[in-house]
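>>> What follows is a predicted protein model with its sequence.
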Amino acid sequence: MKVNVSRRVLIGALGAAAVGETVRTSAAAGRVESGEAGVSDLQAALVRGSLTSVQLVRRYLDRLDRIDRNGPHLRSVLEINTEASKIAAALDAERRAKGPRGPLHGIPVLVKDNIATGDRMSTSAGSLALAHVKAPRDSSVAARLREAGAVILGKTNLSEWANIRSSHSTSGWSGRGGLTLNPYALDRNPSGSSSGSAVAVAAGLVPVAVGTETDGSIVSPASICGLVGIKPTVGLVSRHGIVPISRTQDTAGPMACTVADCAALLGVLAAADPLDPATQANPGDAPDYLKSLDPKALAGARLGLVRGSYTGLDPVDALIDRAVEKLKELGATIVDPVELPDTKKYGDAELDVLLYELKAGLNDYLPQFAPGAAVRTLADLIAFNEREHARELQLFSQDLFVKAQAKGGLDEPAYKDALALCRRLAREEGIDRTLSEHKLDALIAPTGGPAWLTDLVNGDSSVASFSTPAAVAGYPHITVPAGFVAGLPIGLSFVGAAFTEARLIGYAYAFEQATHHRRAPAFAKSASFKL
């Protein structure tokens with residue numbers, strides 16, 4: 001694997017950074033216990049020898065047992081990698097002999113359970129149909145993590161099948177894992193579909209995690225759980241070996257407590273891959289995203305405020321207005337307002353595209369990555385769920401599966417027309433035109449509203465989302481904590497043109513460093529209304 005930093009340079013840089021940081025690094029173990037240690041903290045402690053990767057694994061597993069399996073019982077992690085300690089020991093030995101491979105060497109990472117790992121863990125997408133099915137090989141994302149020296153600690157719970165099974169689902173629930181709880185208010189929803197990845201990081205069960213998004217599944221749970229989340233440009237990160245929904249919108253991406261940690265993880269994940277043709281659109285080697293961490297990055301930036309994506313909730317919108325004022329203080333020019341075409345113009349077309357691509361994608365994925373499963377097609381999955389109605393369909397149906405099964409192939413004119421409409425309205429007549437007409441570097445808006453009360457009868461009831469334009473266009477979207485309403489996190493979004501992740505990371509970092517809105521959850525039973 002090509003790395004941006006040599007072992008020698010990395011050792012020197014980390015060693016130099018650690019000089020004079022004795023108190024900071026000696027406290028790293030304590031921050032692991034509290035769940036507040038970041039990747040740079042941990043890497044500095046590993047370089048100094050005050051912690052080992054084996055110790056990190058053990059401490060995170062202990063915290064996971066106390067908080068996820070017991071205590072508040074968050075249910076964010078489906079399965080633990082029983083080989084994690086062995087892998088960590090080998091990485092510790094390699095560090096002593098050769099130095100670290102890069103920023104994630106020896107760092108525990110969780111991955112969403114729709115990302116195939118060729119090990120003892122199952123890759124199930126949360127479904128009982130794949131509960132004991134082992135993938136024959138790693139996904140490209142898992143392979144990249146291992147090559148970077150990360151320790152895959154386990155698999156996270158998710159909205160089953162990445163929330164594409166039912167139009168009235170409850171996010172965060174899967175037949176295999178049950179319901180994941182929001183750590184900021186246990187009676188509220190963590191959002192989906194990367195609910196387990198978001199909750200695990202927010203609760204300090206791991207420093208970073210990988211989620212996936214088709215439309216909102218990284219940025220929404222990240223925002224609602226007080227995290228930074230990056231939905232990359234489609235094609236920046238390989239999708240090979242990830243349970244698919246959409247070949248035109250799916251992507252994996254990082255979730256973390258800080259922009260810096262997301263940047264470190266994205267630098268590992270981003271790479272061209274001959275196994276995913278979409279990555280051939282990548283303009284070249286991924287930059288070192290850590291170099292984008294400039295607290296002055298907003299000086300001179302032109303940002304367009306999409307007021308049409310405000311939530312309509314006064315406390316949330318007032319909070320975003322304050323964030324906009326802070327961006328101005330940091331040197332950004334705010335063009336207010338700018339508007340994107342109404343997403344309702346392509347909402348139905350987007351769903352059509354997803355249903356066509358879901359059927360084709362699952363029928364291709366299951367024989368390759370679930371060869372031992374009893375289900376090999378979408379039709380098999382529908383039949384399985386009907387047989388297991390009490391365990392799989394008691395809370396909500398599989399109407400979207402049924403609609404997808406009724407679709408034809410990807411050569412149908414209806415599919416091609418819907419895809420062309422989505423790309424034209426979201427790209428050329430949407431984000432691209434808006435950026436060009438106003439000479440903008442990026443768009444900003446609230447990521448969405450606060451977490452809603454979980455309702456197993458009526459399903460989800462989120463009030464707003466800014467995820468769709470970037471999702472349909474396949475463009476990058478970053479959310480960063482912007483504050484709290486009634487004790488519930490709210491995120492600020494930065495959206496840009498294709499492959500502008502480095503620029504967006506700089507903007508998000510500058511805002512983050514000037515505000516430091518993120519704070520750890522207290523596992524409250526319900527939201528606090530002390531505004």
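Looks like it arrived, so ask away. Values in this document were obtained by computation on a predicted structure and should not be read as measured data. Numbering: from 1, shown residues only.

>>> And the strands in the chain, which stretches?
For the chain, strands defined by DSSP state E occupy the ranges 77-80, 108-112, 151-156, 173-174, 178-179, 208-213, 228-231, 251-256, 302-305, 333-335, 442-446, 477-485, 488-495.

>>> Please identify the most buried of the ones you listed.
strand 228-231 (a mean of 32; mean count of other C-beta atoms under 10 Å). No exception for glycine: its C-beta is placed from N, CA and C like everyone else's.

>>> Give me the helices and strands touching that one, please.
helix 219-224, strand 251-256, helix 259-269, strand 477-485, helix 501-515 (3 or more C-beta pairs under 8 Å, 6 or more residues apart in numbering; DSSP states H and E).

>>> Nearest to residue 347, out of the ones you listed?
helix 219-224 (16.3 Å; C-beta to C-beta).

>>> Check the offset of that closest one from the chain's centre.
Remark: helix 219-224 is offset 8 Å from the chain centroid, using C-alpha atoms, centre = their mean, to the nearest Å.

>>> Okay, buried residues for stretch 427-439 please.
The neighbour-count check on stretch 427-439 (16 or more other C-beta atoms under 10 Å) flags 427, 430, 431, 434, 435 as buried.

>>> tell me the contacts of the last one?
Residue 435 makes contacts with 304, 441, 442, 443, 496, 497, as judged by C-beta atoms under 8 Å, 6 or more residues apart in numbering.

>>> so what's the fifth one up against?
Spelled out, that is residue 496. Per C-beta under 8 Å, 6+ apart, neighbours of residue 496: 435, 441, 442, 443, 475, 476, 503, 504.

>>> and which of the contacts of residue 435 is nearest residue 526?
After measuring the contacts of residue 435 against residue 526 - C-beta to C-beta - the closest member comes out as residue 443, at 33.7 Å.

>>> shaky segments in the stretch 301-450 of the chain?
Along the stretch 301-450 of the chain, the model assigns pLDDT under 70 to no residue.

>>> residues touching the nearest residue to residue 446 once chain neighbours are set aside, list them.
The shortest distance from residue 446 to any non-neighbouring residue, by C-beta to C-beta, 6 or more residues apart in numbering, is to residue 320 (4.7 Å). Residue 320 is in contact with 310, 445, 446, 482, 490, 492, counting by C-beta under 8 Å, 6+ apart.

>>> From the residues you listed, pick the one nearest residue 70.
Closest to residue 70, out of all of the contacts of residue 320 and judged by C-beta to C-beta, is residue 490, at 29.6 Å.

>>> Let me know the pLDDT of the closest one.
With respect to pLDDT, residue 490 scores 98.

>>> Return the residues in contact with it.
223, 316, 319, 320, 446, 447, 449, 450, 481, 482, 483, 484.

>>> Pretty sure the second one sits against residue 451.
Put plainly, it is residue 316. No - taking contacts as C-beta atoms under 8 Å, residue 316 lies outside contact range of residue 451: 11.6 Å.

>>> out of these two, which sits in the busier spot?
residue 451 (28 against 23; other C-beta atoms under 10 Å).

>>> Surely that one touches residue 182?
Yes - when contacts are counted by C-beta under 8 Å, residue 451 is listed as touching residue 182 (5.1 Å).

>>> and for those two, which residues touch both?
Going by C-beta under 8 Å, 6+ apart, residues that sit against residue 451 and also against residue 182 are 188, 189, 190, 224.

>>> who's in contact with the third one?
It refers to residue 190. So, once contact is read as C-beta under 8 Å, 6+ apart, residue 190 ends up touching 76, 171-172, 180-183, 198-199, 221, 224-225, 451.

>>> ranking these by neighbours, who comes first?
Going by other C-beta under 10 Å, residue 221 tops these with 37 neighbours.

>>> In contact with that residue: list those residues for me.
In this structure, residue 221 makes contact with 171, 190-195, 197-199, 211, 227, 229, 255, judged by C-beta under 8 Å, 6+ apart.

>>> next one: residue 367
residue 376.

>>> what does residue 292 give?
263, 502, 503, 505, 506, 509.

>>> what do you get for residue 341?
Here residue 341 is in contact with 425, 429, 430 (criterion: C-beta under 8 Å, 6+ apart).

>>> what's the closest non-adjacent residue to the second one?
Just to be clear, that refers to residue 429. Residue 429 sits nearest to residue 341 (C-beta to C-beta, 6+ apart), 6.0 Å away.

>>> Now that neighbour: phi and psi?
phi -50, psi 140 (degrees, to the nearest 10).

>>> want to try JSON lines for the contacts of residue 320, with distance to residue 283 as columns?
Formatted as JSON lines, these follow (distance: C-beta to C-beta, whole Å):
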{"residue": "310", "distance to residue 283": "33"}
{"residue": "445", "distance to residue 283": "26"}
{"residue": "446", "distance to residue 283": "30"}
{"residue": "482", "distance to residue 283": "30"}
{"residue": "490", "distance to residue 283": "33"}
{"residue": "492", "distance to residue 283": "27"}
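
>>> returning to what we had before: check the contacts of residue 490 and tell me the two furthest apart.
449 and 481 (14.5 Å).

>>> before we move on, the earlier item: quick check on the contacts of residue 292: which are buried?
Buried among these (16+ other C-beta under 10 Å): 263, 502, 503, 505, 506, 509.

>>> Kindly give the local confidence score, pLDDT, for the third one.
At residue 503, the model reports a pLDDT of 98.

>>> quick one: it and residue 440 touch, right?
No - between residue 503 and residue 440 there is no contact under C-beta under 8 Å: 11.3 Å.

>>> list the residues that contact both of those two?
What both residue 503 and residue 440 touch, as defined by C-beta under 8 Å, 6+ apart, is an empty set.

>>> Next up, the contacts around the residue nearest to residue 449 when sequence neighbours are not counted.
Closest residue to residue 449 apart from its sequence neighbours, by C-beta to C-beta, 6+ apart: residue 463 at 4.0 Å. Residues near residue 463 by C-beta under 8 Å, 6+ apart: 311, 312, 313, 448, 449, 452.

>>> how many neighbours does the fourth one have?
For residue 448, the neighbour count with other C-beta under 10 Å is 26.

>>> shouldn't it be in contact with residue 462?
Yes - taking C-beta under 8 Å as the definition, residue 448 is a contact partner of residue 462 at 6.4 Å.

>>> intersection of neighbour lists for these two?
191, 220.

>>> picking that back up, could you identify the most distant pair in the contacts of residue 463?
312 and 452 (14.0 Å).

>>> Have a look at these two and say which one is more surrounded.
residue 452 (17 against 9).

>>> wait, that one sits on residue 185?
No - the pair residue 452 / residue 185 is not scored as a contact, 10.2 Å apart, by C-beta under 8 Å.

>>> now, which of the contacts of residue 341 sits nearest residue 471?
Out of the contacts of residue 341, the member with the shortest distance to residue 471 (by C-beta to C-beta) is residue 430, at 11.5 Å.

>>> Just to check, the closest one is in contact with residue 340?
Yes - in this structure residue 430 lies within contact range of residue 340 using C-beta under 8 Å: 5.4 Å.

>>> Give the residues shared as contacts by these two.
Joint contacts of residue 430 and residue 340 (C-beta under 8 Å, 6+ apart) are residue 469.

>>> Please go through this protein and pick out the longest helix.
helix 344-369 (DSSP state H).

>>> Could you check it and say which residues are buried?
Those would be 346, 349-363, 365-366, 369, for helix 344-369 by 16+ other C-beta under 10 Å.

>>> Stretch 396-413 too?
396, 397, 398, 400, 401, 402, 404, 405, 407.

>>> for the contacts of residue 496, which one is nearest residue 421?
Of all those, residue 475 has the smallest distance to residue 421: 16.8 Å, by C-beta to C-beta.

>>> so how far is residue 239 from that closest one?
Per C-beta to C-beta, to the nearest Å, residue 475 is found 16 Å from residue 239.

>>> can you check residue 349 too?
Counting by C-beta to C-beta, the separation of residue 349 from residue 239 is 22 Å.
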